[in-house]
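A.B. asks: All I have is the shape, not the residue letters:
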């Protein structure tokens, strides 16, 4: 299996991307990683490190896309950028999947433009995995589409359910629509319309889920538009960090704080691990013709390693193919119903 | 000062509403509270308790609105409900403010229908106060309007800024638009449009704020539509609770956990206090002709007391009048600019 890694993508690239690649390559005997980016900088990072050189490849790319560049400009003007070249590698069957921690808007646009959407999918969506009190859930769309139609949410639900059962090994995942009340009639125009569509599918649709129940583990797949999904994702990550900081401050303020903190440190560490985005690595862009994993801009080498792992698992389990079949099957059933 | 309290509103009414009223009445010598609801049940709750009986009044209301009832039906069919009668009391100048922990949709609809919107306001909005690493911020709209126009967000920003400076004593509060990127062009159709309007005001508009920065204290007033606001509010509350539970579980799993927990207990308690919604009591509905404070359905007596305190402070500081003047002033300035 071959994975194309955008070695220049992310705030700490190429240091952490190369590190992450080397950490991952040792885990899988059948894995090859192709590093796209500035050849001399990548070679500098590799210098003095031990690794299976027959399974780590470098492809020079002369351009780098900045974190603030617009997708349109980047796609038009930077055809030799590391991200673009890494996506091209999937298109040309040189690689089975692409991973990038760079400008996520550009990564998505490149995947969409170069690879195209799967049959029956109007808009690809980002599926993020997040922790709850009971286990994990899939948040879809976590940021690919800011303005959506009900039909888009339906497709996100189908893709999210299929992804959840394949990756989290859940049979018939509970799919819910993120809204402001549990009843059918609660929500905004978009969710009320999507509710009607979801009721008619053969998904295990459990109705609306309210914000307060998301982290209690009320659903396996939480569906929303990408604007709200991104806000929920980022707000939650931010809040978890702030809560840890506030707790540390509270502890520091206690007379017994030092002892308490030392005793509690392993618990705090475990907790951080459970809520740390880096643990969950990258989020896949579902609904395109290929496997594309998007990682945080501020990814560490651990986050890159986890994103690469997600890419490996994705390719091994043929998640992309399974989702495509699911969507095609859904449309075929729908057509059959309409034609009676 | 007189406050009308919906004594039957909330999951634990009238027990906690009466308790909250009695706790509050002792704090203010000049306060009178009118309890609206089932007279005999309220009298039962008051039995055996010491309180200044000349400042606690009961007004019998024969009907109660359930938590799941629709606003339209409740308004039409339950004209003698505790919430409706409490709102009527503000209209008739019998009370300076109304507080309800009942069905919030009905409370808002009653306030809107009976009291009407302030001049220059198209839609009232809920302003919730939430904690950050640095202090507090105002989230507006926290749930009154599910589908909004850019013009609505502009009015929320004006009301939120005015509210923040009056209640949180901040001069020129930093007003930000909740979005998915800091740049002007990031966001959905609604926020991009609202961004343009906000740039033209004399508010201290600091641009877009991302989810990750909200709890770091990046803004004093965070503006969004009520659908997203409600989801952010509820998700954050839910997440904070889950984090505490997860931490307790981690601590319990440690060999040193028991000792650590005992040493840390005061810190956890302080932290809970800082993040507990009950501490912040009710959220005002801004933009109506009068003072209406909405409290959580699952309010405790402490939450009711804090909601009553908010109502007292609101009335004393004449927040409603200040906000009305602010909006009228804004429209006058706008008109002057247009007419050149």
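C.D. replies: Received, thanks. These numbers come from a predicted model, not from an experiment.

A.B. asks: Now do the phi/psi pair for the nearest residue to residue A:175 once chain neighbours are set aside.
C.D. replies: Closest residue to residue A:175 apart from its sequence neighbours, by C-beta to C-beta, 6 or more residues apart in numbering or on different chains: residue A:221 at 4.5 Å. C-beta coordinates here come from the backbone N, C-alpha and C atoms, glycine included. For residue A:221, the backbone dihedrals (degrees, to the nearest 10) come out as phi -130, psi 120.

A.B. asks: just the one 10 residues further on next, same as before
C.D. replies: In terms of degrees, to the nearest 10, the main-chain angles of residue A:231 are phi -70, psi -40.

A.B. asks: Can you give me the domain boundaries for chain A?
C.D. replies: A:1-119+A:287-318, A:122-277 (automatic domain parsing).

A.B. asks: I'd like those domains as TSV, with mean neighbour count and mean pLDDT appended.
C.D. replies: Putting the domains of chain A into TSV (neighbours: other C-beta atoms under 10 Å in any protein chain shown; pLDDT from 0 to 100) gives the following:
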stretch	mean neighbour count	mean pLDDT
domain A:1-119+A:287-318	21	95
domain A:122-277	21	88
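
A.B. asks: Let me see the ranges of the helices in the stretch 201-340 of chain A.
C.D. replies: A:211-214, A:226-252, A:257-275, A:277-280, A:301-316, A:319-338 (DSSP state H, counting those that start in this stretch).

A.B. asks: Spell out for me which residue occupies the centre of chain A.
C.D. replies: residue A:283 (0.8 Å; C-alpha atoms, centre = their mean).

A.B. asks: which residue packs closest to that one, ignoring adjacent ones?
C.D. replies: Leaving out its chain neighbours, the residue that sits closest to residue A:283 by C-beta to C-beta, 6+ apart is residue A:128, at 4.3 Å.

A.B. asks: measure the one you found to residue B:321 for me?
C.D. replies: Applying C-beta to C-beta, to the nearest Å, the value for residue A:128 to residue B:321 is 45 Å.

A.B. asks: try residue A:10
C.D. replies: Distance of residue A:10 to residue B:321, given as C-beta to C-beta: 52 Å.

A.B. asks: And residue A:12, by the same measure?
C.D. replies: From residue A:12 over to residue B:321 the distance is 53 Å, taken as C-beta to C-beta.

A.B. asks: can you check residue A:86 too?
C.D. replies: 60 Å.

A.B. asks: What of residue A:159?
C.D. replies: 52 Å.

A.B. asks: what do you get for residue A:314?
C.D. replies: From residue A:314 across to residue B:321, the span is 59 Å (C-beta to C-beta).

A.B. asks: Repeat that for residue A:332.
C.D. replies: Distance of residue A:332 to residue B:321, computed by C-beta to C-beta: 63 Å.

A.B. asks: What of residue A:37?
C.D. replies: Relative to residue B:321, residue A:37 is positioned 61 Å away (C-beta to C-beta).

A.B. asks: wait, doesn't the residue nearest to the centre of chain A sit right on residue A:125?
C.D. replies: No. Between residue A:283 and residue A:125 there is no contact, the gap being 9.8 Å when judged by C-beta atoms under 8 Å.

A.B. asks: list the residues that contact both of these two?
C.D. replies: Common neighbours of residue A:283 and residue A:125, using C-beta atoms under 8 Å, 6 or more residues apart in numbering or on different chains, are residue A:142.

A.B. asks: Bridged to the residue nearest to residue A:175, which residues?
C.D. replies: For residue A:221, the beta-bridge assignment (DSSP bridges) gives partners residue A:138, residue A:175.

A.B. asks: so it makes contact with residue A:166?
C.D. replies: No. Using C-beta under 8 Å, residue A:221 is not in contact with residue A:166, being 12.0 Å away.

A.B. asks: list the contacts for residue A:80?
C.D. replies: A:61, A:62, A:63.

A.B. asks: Make TSV out of the residues you listed and add secondary structure.
C.D. replies: Output for those, formatted as TSV (DSSP: H, G, I helix; E, B strand; the rest coil):
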residue	secondary structure
A:61	coil
A:62	coil
A:63	strand
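
A.B. asks: Out of those residues, which comes closest to chain B?
C.D. replies: Proximity of these to chain B (C-beta to the nearest C-beta) peaks at residue A:63, which lies at 21.4 Å.

A.B. asks: gap between that closest one and residue B:209?
C.D. replies: Separation of residue A:63 from residue B:209 (C-beta to C-beta): 31 Å.

A.B. asks: end-to-end on stretch A:170-179?
C.D. replies: Chord length of stretch A:170-179, first to last residue, is 23 Å (C-alpha to C-alpha, to the nearest Å).

A.B. asks: give me the beta-bridge partners of the residue nearest to the centre of chain A?
C.D. replies: In this entry, residue A:283 is beta-bridged to residue A:294, by DSSP bridges.

A.B. asks: Stretch A:183-198 close to chain B?
C.D. replies: Yes. Using C-beta under 8 Å from any C-beta of the partner chain, a contact is recorded between stretch A:183-198 and chain B, made by A:183, A:185, A:187, A:188, A:189.

A.B. asks: And for stretch A:302-310, what's in contact with it?
C.D. replies: A:3, A:5, A:10, A:16-17, A:19-21, A:23-24, A:27, A:33, A:99, A:101, A:277-282, A:284, A:293, A:295-296, A:299.

A.B. asks: mind listing what the residue nearest to residue A:285 when sequence neighbours are not counted touches?
C.D. replies: Once flanking residues are discounted, residue A:285 sits nearest to residue A:292: 4.5 Å by C-beta to C-beta, 6+ apart. Residues near residue A:292 by C-beta under 8 Å, 6+ apart: A:87, A:90, A:97, A:98, A:99, A:100, A:107, A:108, A:111, A:115, A:284, A:285.

A.B. asks: Ok, residue A:88 next?
C.D. replies: With C-beta under 8 Å, 6+ apart, residue A:88 has these contacts: residue A:114.

A.B. asks: Go ahead and list the helix or strand containing it.
C.D. replies: helix A:82-91 (DSSP states H and E).

A.B. asks: Check which element follows that helix along the chain.
C.D. replies: Counting by DSSP H and E, what follows helix A:82-91 is strand A:97-100.

A.B. asks: what helices or strands is that following strand leaning on?
C.D. replies: strand A:2-6, helix A:82-91, strand A:291-294, helix A:301-316 (3 or more C-beta pairs under 8 Å, 6 or more residues apart in numbering or on different chains; DSSP states H and E).

A.B. asks: want to try CSV for these, with distance to residue B:175 as columns?
C.D. replies: Output for the helices and strands packed on strand A:97-100, formatted as CSV (distance: least, C-beta to C-beta, whole Å):
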stretch, distance to residue B:175
strand A:2-6, 37
helix A:82-91, 35
strand A:291-294, 31
helix A:301-316, 33
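
A.B. asks: Quick one: closest of these to residue B:235.
C.D. replies: strand A:291-294 (21.8 Å; C-beta to C-beta).

A.B. asks: Do I have it right that residue A:102 meets residue A:85?
C.D. replies: No. Applying C-beta under 8 Å as the test, residue A:102 and residue A:85 come out as separate, 11.9 Å apart.

A.B. asks: I'm done for today, thanks for sticking with me.
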